[in-house]
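In: Build me a structure from this.
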Amino acid sequence: MRHWINPIFKRTFGNLKLNRKIQISFMLLIIPLFLIFLLLFLNFYKTNKQYNQIIANSSKAGRFSINFKEEFDYKIYLLIAGHSSFDEEDPYKNIDEARNIAFDLLNNTNIDDNKHRAGIILKLLGNLEKYVKRIEDNKKIGGHYDDNIIIWEKDVQIVTDLIQSTVLEYVYYETNAMEQVRSDMFESFREITIFSVVIFAFLIVLELILSFVIPNSIVRPINHLNDVTKQVAKGDLSVRANVTYGAEVKNLADSLNSMIIKIDYLLNAVKQEEENLRAAELELLQAQINPHFLYNTLDTIMWLAESGNQEKVVTMISSLSDFFRTSLNHGDGMFTLKEEERHVRSYLEIQQVRYQDILEYEINVPHSLKAVIIPKITLQPIVENALYHGIKNRRRKGLITITAAQKGSDVIVSIIDNGIGIKAADLERIKNTLKEDKQEDDSMPQKKESYGLYNVNQRIKLKFGPSYGITINSVYKKGTEVEVKVPLT
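Out: Modelled structure (predicted):
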């Protein structure tokens, strides 16, 4: 039974909203009950109306038959005997009253034979009126007592007898009609009772079916969504909710699927960003352990040792130690600006010994900004670019200045050199490279020159968001300025 009920229910009610399903289930129960009540009420009203009409007709006819003949016959006798006058007795008034009753009997009965009997009564009353008129005329022309007695005995009394018997017949058949109404009412009540029992049985079966189907149509998709959310909570983002029926639950399933897709996308994006960040940091660290830089620094230390400059040897070794200690320090990839200043200062101290003829530097970081958080090894690659691509190409004394300043809720670290600068075309290319999400090809010399800047810019954006990073401005043969923007945290 369930196998063929469910498809029918789904086709009919599947896409309806939950409140509509409940409303329909109540309407399926209330409407048949209302129809049964209405049928019973109409049947009762009709039967009661028929009963009232029959009782009213019988009452009028009974009053007619009981009083009319005796009173009218006696009244005519008194007129004939001279004990009363027509003005006093006014028999025509009695006839008119009887005629009105007959008209009511004619109009109110539903029995064709009784309509005919009421018509006969009206004709008899007309004849009776004629006989009374003859008696009145005889009285006016001098008596005719014997003629009037004959009219009274053979005409008036016979007509009143006929009227009385006809009225009795009318009452008899109205009473039979009452019995027929009672019988019809009983039969109608029996049929309505059977019909009501059948309807109630049908409603009970229907409500039992609906009590199973409707809750099941609500609970099953909710359980399905619950299973899907459990799978998602376990980390399985390949699952999808599959709900085809039920407007609200279907919308909920679609929203859940959209949310799973977005979560999956965001998780993959976060993983990719983390991978990019780790790769960038690894590449940056590998770049810091530059064998040429290490060899050159060691050669310089050796040269200083051979020349007997022990103080500078100590300074160089101390700076080199600080530089690599900071570079290889493990952590979450974040420094304070104080630590970053120490790292870049170590680098500049080493390079100044090597390039003492062409390199000078200044570092000015306010004490209030030394606790600001910045990605690890942010400034050194920029300073390295300033030295190798700016100062060295100038071939005369150069200056690298590092300053930090607060700007609203952000901190701007500026690295300025007075080196050779960058040509307009190359500057535009470097700016476009910094805007890219991924550096596709770093094999070209120009790409290699901007790789350090690109690496630093990407790490800042990954840490703080797209509104942060580095900007570069340069005038060829005058110098270059790189600004590092990070939040004040």
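In: residue contacts, residue 99?
Out: The neighbours of residue 99, taking CB atoms under 8 Å, 6 or more residues apart in numbering as the test, are 122, 125. Every C-beta, even on glycine, is put in place using the N, C-alpha and C of the backbone.
In: is it fair to say it lies in a helix?
Out: Yes - per DSSP: H, G, I helix; E, B strand; the rest coil, residue 99 lies within a helix segment.
In: quick one: it and residue 121, what's the gap?
Out: Distance of residue 99 to residue 121, computed by CB to CB, to the nearest Å: 9 Å.
In: just residue 178 next, same as before
Out: Applying CB to CB, the value for residue 178 to residue 121 is 20 Å.
In: between the two, who's got more neighbours?
Out: Between residue 178 and residue 121, residue 121 has the larger neighbour count (other CB atoms under 10 Å), namely 25 against 17.
In: tell me what the helix or strand hosting that one is packed against?
Out: In this assignment (DSSP states H and E), residue 121 forms part of helix 112-140. Applying 3 or more CB pairs under 8 Å, 6 or more residues apart in numbering; DSSP states H and E, we find helix 112-140 packed against helix 18-81, helix 91-108, helix 145-150, helix 157-233.
In: Can you get me the centre-to-centre distance for the last one and its chain?
Out: I take that to be helix 157-233. Taking CA atoms, centre = their mean, to the nearest Å, one finds helix 157-233 lying 39 Å from the centre of the chain it belongs to.
In: ok, now stretch 113-128?
Out: How far stretch 113-128 lies from its chain's middle: 76 Å, per CA atoms, centre = their mean.
In: Which residues does it contact?
Out: Residues contacting stretch 113-128 (CB under 8 Å, 6+ apart): 57, 72, 95, 98-99, 102-103, 105-106, 109, 155-156, 159-160, 162-163, 166-167, 169-170, 173-174.
In: Let me see the contact set for residue 74.
Out: Listed by CB under 8 Å, 6+ apart, residue 74 has no contact partners.
In: Distance check, it against residue 94.
Out: Using CB to CB, residue 74 is found at 11 Å from residue 94.
In: Now residue 344: closest residue in space, sequence neighbours ignored.
Out: Leaving aside its chain neighbours, residue 344 sits nearest to residue 379 (4.4 Å; criterion: CB to CB, 6 or more residues apart in numbering).
In: again but with residue 267, I slipped
Out: Of all residues not flanking residue 267 in the chain, residue 237 sits nearest, at 7.1 Å (CB to CB, 6+ apart).
In: again with residue 471
Out: Nearest to residue 471 is residue 483, by CB to CB, 6+ apart, at 4.9 Å.
In: Repeat that for residue 160.
Out: Of all residues not flanking residue 160 in the chain, residue 69 sits nearest, at 4.4 Å (CB to CB, 6+ apart).
In: The one you found and residue 158 touch, don't they?
Out: No - judged on CB atoms under 8 Å, residue 69 makes no contact with residue 158 at a distance of 11.0 Å.
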